[in-house]
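J.: Fold the following.
(chains A and B)
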Number of protein chains: 2
Amino acid sequence: KIHCDCCFCRDDEDTFKILIATDIHLGYLEKDAIRGNDTYDTLNEILECAKTNQADFILLGGDLFHENKPSRRCLHSCITMLRKYCMGDSPIHFNILSDQRVNFNTTQFPWVNYQDENLNISIPVFSVHGNHDDPTGAEGLCALDLLSASGLINHFGHSQSVESIEISPILMQKGNTKLALYGLGSIPDERLYRMFVNNKVTMLRPKEDQDKWFNLFTIHQNRSKHGPTNYIPEQFLDDFLDLVVWGHEHECLITPTRNEQQLFYVTQPGSSVATSLSPGEAAKKHIGLLKVKGHKMNMQKIPLKTVRQFFIQDVVLADYEDLFTPDTPQVTKKVEDLCYAKVTEMLEQAERERLGCPLTPEKPLIRLRVDYSGGFETFSTSRFSQKFVDRVANPKDIIHFLRRREQKEDIKVTVDYGKLLKTSAVEGLRVEDLVKQYFEAAEQVTQRQLSLLTEQGMGKAIQEFVDKDEKDAIQELITYQLEKTQRHLQARGVTTEQDIDAEVKRLRDSKKNTTEEDNEIREAMNRAKAHRLERGDDSVDAGISDEFADVNMDSDEGSYLSQ
Amino acid sequence: KIHCDCCFCRDDEDTFKILIATDIHLGYLEKDAIRGNDTYDTLNEILECAKTNQADFILLGGDLFHENKPSRRCLHSCITMLRKYCMGDSPIHFNILSDQRVNFNTTQFPWVNYQDENLNISIPVFSVHGNHDDPTGAEGLCALDLLSASGLINHFGHSQSVESIEISPILMQKGNTKLALYGLGSIPDERLYRMFVNNKVTMLRPKEDQDKWFNLFTIHQNRSKHGPTNYIPEQFLDDFLDLVVWGHEHECLITPTRNEQQLFYVTQPGSSVATSLSPGEAAKKHIGLLKVKGHKMNMQKIPLKTVRQFFIQDVVLADYEDLFTPDTPQVTKKVEDLCYAKVTEMLEQAERERLGCPLTPEKPLIRLRVDYSGGFETFSTSRFSQKFVDRVANPKDIIHFLRRREQKEDIKVTVDYGKLLKTSAVEGLRVEDLVKQYFEAAEQVTQRQLSLLTEQGMGKAIQEFVDKDEKDAIQELITYQLEKTQRHLQARGVTTEQDIDAEVKRLRDSKKNTTEEDNEIREAMNRAKAHRLERGDDSVDAGISDEFADVNMDSDEGSYLSQ
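T.: Sure thing, here's the model as predicted:
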């Protein structure tokens, strides 16, 4: 052979080229005078990019729309752009082998749009729905379904049942490459977690040539932990998968990372717009051009040019002792000057980086988090905003004052949950340490409040687990119970002793459920453990592991590795 | 020639076949357990009918959607049906000769959908918007624009300016027939009236072969008077038109009627769903198959089968003296029995008429208007409803109690406006009669109230017009002033003499505006009169009158008249 068998450098008839994007949040802040067009410009860029790169198809990981009921402008723009970029004469080079009535079960036209005789599609778009654009109402329709009824996208991964889920892949073939595309639209994390735990999620596989398929799964859920059952652990996903495209998480971590336990890769493309001014959103935004040939894949990172820059920085005032203390005369003025300097610095950096990028919006997003604990006072942010109104896209909320160091004094129930959770997340702590920590934290609670916590079964749960080496389990249980208690107390405005008495009674009455929950979680863990044992070893993987390709990441350049 | 030149009996290459419908109000009462599917079933029937009849195109007169922001179900169903019925392989037999960028100015795809290379359209739909689905927001988009962006309909007649309107026709040609399709989407009547009055509405005409075109105009406005400037008089419309398709009015008066002054015909297809339980809605619902060949036209009435039957009847209790009077023992029971009998009678009639119509919904709409004036009491309608809950589609509002005969005693200003207006609408009354009637009516008003009316300038207005033979003008002014007074008094809860004094002062202060309005109306009338004089004679019509075809109405049979 003249050229390398696994080379992605040239397009060939066996290579799928898939443009991957997620969380476009079309319509986010569309009424903002400065940022109103951001999401529209970026969808346009993404679609144009798919066209330029002659992608076989576009795969979206959910939250195409920011609002469940997008505005008329939003729907109209989206329809217009899809019609503009995804219709046309370019031929489609792959076939669909699966039962399309199963794959596309939300329209009266249950076939891929490019096979519709009345539509001339050049780039099919496949999308699962996200939590922002999820199905609602008696008909279980989401905004995507309007597009799929129009034949502009192919909405897949919509599970109609709330009891159990069967994910049937779209089986695609291009040349000799077989691609099984699995998808699961957003489901409340707790519910999906429970379904996984109860073995109610099934991923179907083709009966023949199982090991010939490249298995790609698109999911839109919490990937990072928000409470023990409020995310989907990667371990829950089937290990026959090759690549998981993880939507919902906004930080761009698009370079596939290997899950060493399940032996699949996960790519988290991240959103194409910052919908909050948090650090994760400050990472440079990318989409991906995924190439799949046989079992080999390659992800090309493509930086988005139309995305508004976002810079975030933290300032802890107490760290500037040489400059000022709370007692310094005119300290607040000095603090404001410091902040002004920091923001100006970020603006200069933004301007430097924007040089030569005509598509990047002029005004960046800027966030300065100012920790003013230790006796400092805040200054007027509205006056501060005035100074940057012409240079910053978010002048009104540049400054975010917080008192991280004093947080525990502010909370009514005086357990420092944040600290406890943070500390217990540190690896290597023994169970005994965790329990000790728990009780130390609990000491800060009044005796009454402690009894409330105990009523929720936490003590018992810890007892049951204390001899087993299941740190994660305990940690999760502690987190879960503490958060639940906290939520309960806060939601009910529990403040007086009478309130607490009443609450204890209420909780005691509902205790049965809690116990059932604990049991379910325990069972799931046992099952997961048994499953791992069944396979003999965590690192041994029956089907495809030895054929699995290396992953190579490029940022717009074109060098590729082969296995 | 072997066959008659003007025959519509067979389809030929020179005959436009246009399916005409309006006011479909998709989504009306869509959450009603009984009637929820009505509008969907009927849209389906209309589209199917267009397909069966191989219509060249569908023309909709506005209010395709009931809600300005249709529900997801509503949009989804509409898109699905349009895609199902209006896409496909049937070739289109007419061409468009006008500048489509002007005709279709609300999309980024300013061409008729069937000429889009990426869409395979079998029946193009042309629609103006109605008042229910009118454009809103900064972008001036309406629900139809989502469909037109998708390529499913052709939205036309959207005037972007609020100052003046220029209506540019879609010029179509099929064989030797030239059709100029004018359209004007809904505009608040008062505003459009004013624009007409101020000569701000222009209908453009093709420069060449002006007399060769069949001129069809689609409008969605009040046709019946709701106050003097709250409708569009047919006389306002250009007299070069051949046929006006009048949307918005729900009563089916689809048989074209000739306006003897303007020498055009007007067809009022009426809604395809009853959105109120008023007599106009009880007329049998039809759509039309309009055939146009050269200057000749033929309208075939097509009864709609899926429309829910609606029967309405009036009962005046005082007319049943032989059966009961208010003093009869258990009179209310007897009244209820009478109503029960009437409703049952209507139900039986409904059932008979529904025989052999499997598509017609089983439960009819029933309305019994019970005039209980003369001392009768109402009975419990909720108990009454119970009896018909399984047989009537609107059990909760079958009975509508009113006291028509005592109305004048109930209303503070005791003029019987209804009667006055009704009487003065009778043709052939002389101006003197009208004025006399007015004063007779006015006599019923207290002296104070009369002075109030006079303050509004009515007396003066009548004086000014009394010597001219402008019955309409006076009638309009009377109507306008009376209604305005009535509204004023009611809205302000005017009851005491002090109130009236205060009101008189208020009105005197605001009189300037009223005078200006009067002047404008007078001016417009003079202008209209001058315009008629300019043309020499009301009955002479320069271009097309002598070539104008007879109109022949058929109800589903196929006999046609020629000129």
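J.: A strand includes A:Gly183, no?
T.: Yes. The assignment for A:Gly183 by DSSP: H, G, I helix; E, B strand; the rest coil puts it in a strand.
J.: surely it meets A:His129?
T.: No. Counting by Cβ atoms under 8 Å, A:His129 is not a contact partner of A:Gly183; they are 9.5 Å apart. Glycine gets a C-beta too; all of them are placed from N, C-alpha and C.
J.: Now do the shared contacts for these two.
T.: A:Gly157 (Cβ atoms under 8 Å, 6 or more residues apart in numbering or on different chains).
J.: Now for A:Leu317: which residues touch it?
T.: A:Phe324, A:Val335, A:Leu338, A:Val370, A:Asp371, A:Tyr372, A:Ser373, A:Gly374, A:Phe376.
J.: which of these lies closest to B:Lys212?
T.: Set against B:Lys212, the nearest of these by Cβ to Cβ is A:Val370 (76.8 Å).
J.: Local confidence estimate at the residue nearest to A:Ser71 when sequence neighbours are not counted?
T.: Counting by Cβ to Cβ, 6 or more residues apart in numbering or on different chains, A:Ser71 lies nearest to A:Gly27, which is 6.0 Å off, once chain neighbours are set aside. Predicted confidence (pLDDT) for A:Gly27: 97.
J.: What does A:Gly27 show for phi and psi?
T.: Backbone torsions for A:Gly27, taken as degrees, to the nearest 10, come to phi 100, psi 0.
J.: re earlier: whichever of the contacts of A:Leu317 end up buried, select them in PyMOL.
T.: Paste this into PyMOL to select the buried members of those, with burial taken from 16 or more other Cβ atoms under 10 Å in any protein chain shown:
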select buried, chain A and resi 324+335+338+370+371+372+373+376
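J.: will you turn the contacts of A:Leu317 into TSV that also has secondary structure?
T.: Listed next are these as TSV, based on three-state DSSP:
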residue	secondary structure
A:Phe324	coil
A:Val335	helix
A:Leu338	helix
A:Val370	strand
A:Asp371	strand
A:Tyr372	coil
A:Ser373	coil
A:Gly374	coil
A:Phe376	coil
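J.: Now the two most distant members of the contacts of A:Leu317.
T.: Longest span within the contacts of A:Leu317, Cβ to Cβ: A:Leu338 and A:Ser373, 15.5 Å.
J.: Format the contacts of A:Leu317 as JSON lines; extra columns: distance to chain B and pLDDT.
T.: What follows is the contacts of A:Leu317, written out as JSON lines (distance: Cβ to the nearest Cβ, whole Å; pLDDT from 0 to 100):
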{"residue": "A:Phe324", "distance to chain B": "47", "pLDDT": "95"}
{"residue": "A:Val335", "distance to chain B": "40", "pLDDT": "96"}
{"residue": "A:Leu338", "distance to chain B": "41", "pLDDT": "97"}
{"residue": "A:Val370", "distance to chain B": "36", "pLDDT": "97"}
{"residue": "A:Asp371", "distance to chain B": "41", "pLDDT": "96"}
{"residue": "A:Tyr372", "distance to chain B": "40", "pLDDT": "95"}
{"residue": "A:Ser373", "distance to chain B": "44", "pLDDT": "94"}
{"residue": "A:Gly374", "distance to chain B": "47", "pLDDT": "92"}
{"residue": "A:Phe376", "distance to chain B": "43", "pLDDT": "95"}
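J.: which among the contacts of A:Leu317 gets closest to A:Leu402?
T.: Closest approach between the contacts of A:Leu317 and A:Leu402, by Cβ to Cβ: A:Asp371, at 5.7 Å.
J.: For that closest one, give the beta-bridge partners.
T.: Beta-bridge partners for A:Asp371, by DSSP bridges, are A:Val316, A:Leu402.
J.: about what we covered before: is it true that the residue nearest to A:Ser71 touches A:Thr39?
T.: Yes. Assessed by Cβ under 8 Å, A:Gly27 is found in contact with A:Thr39 at 6.2 Å.
J.: Between these two, which contacts overlap?
T.: Here A:Gly27 and A:Thr39 have A:His66 as joint contacts, going by Cβ under 8 Å, 6+ apart.
J.: Isn't A:Gln160 up against A:Val102?
T.: No. Using Cβ under 8 Å, A:Gln160 makes no contact with A:Val102, being 11.2 Å away.
J.: who has more neighbours, those two?
T.: In terms of neighbours (other Cβ atoms under 10 Å in any protein chain shown), A:Val102 is the more surrounded of A:Gln160 and A:Val102; the figures are 14 against 9.
J.: what residues does chain A put near chain B?
T.: Contact residues (Cβ under 8 Å from any Cβ of the partner chain) of chain A with chain B: A:69, A:71-73, A:75-76, A:79-80, A:83-84, A:87-89, A:107-109, A:117-121, A:136-139, A:141-143, A:145-146, A:149-152.
J.: run the last query once more with 6 Å
T.: Proximity of chain A to chain B (Cβ under 6 Å from any Cβ of the partner chain) is limited to residues A:72-73, A:75-76, A:79-80, A:87, A:108, A:118, A:120, A:139, A:141, A:145-146, A:149-150.
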